[in-house]
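Student: sequence and computational prediction follow.
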Amino acid sequence: MLVNLGETDSLINAYIRELRDIEIQQDRMRFRKNLHRIGNIMAYEISRTLEWASVETTTQLGISETSKLKSQPVLATILRAGIPLHEGLLDFFDQAENAFIAAYRKHDKDGSFTISAEYLTSPDIEGKVLIISDPMLATGASMIKCLKKILLLGKPKAIHIVTAIASKEGIYYVSEKIDCSIWTAAIDEELTAKSYIVPGLGDAGDLAFGEKTQE
C-alpha cells in the first residue's frame, strides 16, 4: 500500500515546502521541527489503520465507552537523519518500544557506493507492527538493507515505512522487495547520478544536525 499524504492540500504540504526551501533550511531547529511535525501527522494517519479494542473508562460522573490500541507498535529509525521524524512518531505512539539502526553510504573513488548497515538495537518485533522512518526514500537500498537486518530478529505483523519525500524508483524497489505500507508526504520523479532525489531537499542528516567531516 502506498499513501501519499501530499496529494491533497493540508499542513503537511506547508512543512514539505519549508523543508525544501534553501533559505529556511539554514535554520536547523526549524528543519528538525518540520520533520517532527510530519512524524506527528504520519503517526495519526497510521493509527487509523491499527487494531483497537473497546474499553470502559470510569469518570467522576460515570462510565465512558472508549477505545485503546490492542498492542503498541515498535518504532524504528535509521540514524542519524531519521531522529526528528522518529521523535514526531514517538510523540503520538508514546508507549511504543523503539529500535535504532545505523546505516550509511560507503563511497568509492569512481562515484559508486555501497550501503553499510551496522549498529542495531531493537526490542522483540515478533508479531508486532513495525513502523520504520527515514526522511528520504531515494533508491530504497538503505531501507531494504536495514529492514533485512531488523527482520533477522523476527517477523512483524505488519511493516509501515514513513518518509517525508520518496522517489518513484525507491517506492517501486521497496515494494518489489518487501510486503509493506509506504507513507510519504511527497513523491519526486528523478534521482541524480549519485542517487539523490530531485528536486528533493538535499542531505537531511546534514541539514538537521550539521555537515559530516567524513562518511
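Tutor: All right, it came through fine. Numbering: from 1, shown residues only.
Student: in the protein, what secondary structure element scores lowest on mean pLDDT?
Tutor: The helix or strand with the lowest mean pLDDT-type score in the chain, counting by mean pLDDT, DSSP states H and E, is strand 113-121 (a mean of 76).
Student: what lines up beside the next helix or strand after that strand in the sheet?
Tutor: Next helix or strand after strand 113-121 toward the C-terminus (DSSP states H and E): strand 129-133. Applying DSSP bridges, strand 129-133 is found paired with strand 74-79 (parallel), strand 158-167 (parallel).
Student: chain neighbours aside, what residue packs nearest to residue 177?
Tutor: Excluding the flanking residues, the one nearest residue 177 by CB to CB, 6 or more residues apart in numbering is residue 144, at 5.0 Å. In this view, the C-beta of every residue, glycine as well, is placed from N, C-alpha and C.
Student: list the contacts for the one you found?
Tutor: Each residue near residue 144 by CB atoms under 8 Å, 6 or more residues apart in numbering is listed here: 173, 174, 177, 178.
Student: could you rerun that using 7 Å?
Tutor: Contacts were defined as CB atoms under 7 Å, 6 or more residues apart in numbering; by that measure residue 144 touches 174, 177, 178.
Student: ok, of those residues, which one's closest to residue 19?
Tutor: residue 174 (21.0 Å; CB to CB).
Student: what angle separates the strand or helix carrying the closest one from strand 158-167?
Tutor: Here residue 174, judged by DSSP H and E, is contained in helix 168-177. Helix 168-177 runs at 160 degrees relative to strand 158-167, counting by axes from the mean of the first three to the mean of the last three CA atoms, to 10 degrees.
Student: show me the beta-bridge partners of the residue most central in space within the chain.
Tutor: Taking CA atoms, centre = their mean as the criterion, residue 133 is the residue nearest the geometric centre of the chain, at 1.9 Å. On the basis of DSSP bridges, residue 133 is bridged to residue 77, residue 162.
Student: wait, it touches residue 77, no?
Tutor: Yes. Taking contacts as CB atoms under 7 Å, residue 133 lies within contact range of residue 77: 4.8 Å.
Student: overlap in contacts, those two.
Tutor: 85, 86.
Student: quick one: the strands in the chain, in order.
Tutor: With DSSP state E as the criterion, the chain has strands at 2-4, 52-58, 63-69, 74-79, 97-107, 113-121, 129-133, 136-137, 158-167, 181-188, 190-191, 197-198.
Student: same for the third one, what does it pack against?
Tutor: Spelled out, it's strand 63-69. strand 52-58 (3 or more CB pairs under 7 Å, 6 or more residues apart in numbering; DSSP states H and E).
Student: neighbouring contacts of the strand it packs on?
Tutor: 63, 64, 65, 66, 67, 68, 69, 70.
Student: output the below-cut-off pLDDT ranges for this structure.
Tutor: Applying pLDDT under 70 to the chain flags residues 104-115, 214-215.
Student: give the residue farthest from the middle of it.
Tutor: residue 61 (41.3 Å).
Student: for that residue, give its distance to residue 67.
Tutor: 20 Å (CB to CB, to the nearest Å).
Student: about what we covered before: among the contacts of residue 144, which ones are buried?
Tutor: Buried by 16 or more other CB atoms under 10 Å: residue 174, out of the contacts of residue 144.
Student: reformat the contacts of residue 144 as JSON lines; add distance to residue 156.
Tutor: Formatted as JSON lines, the contacts of residue 144 follow (distance: CB to CB, whole Å):
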{"residue": "174", "distance to residue 156": "15"}
{"residue": "177", "distance to residue 156": "15"}
{"residue": "178", "distance to residue 156": "11"}
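Student: brilliant, that's me finished.
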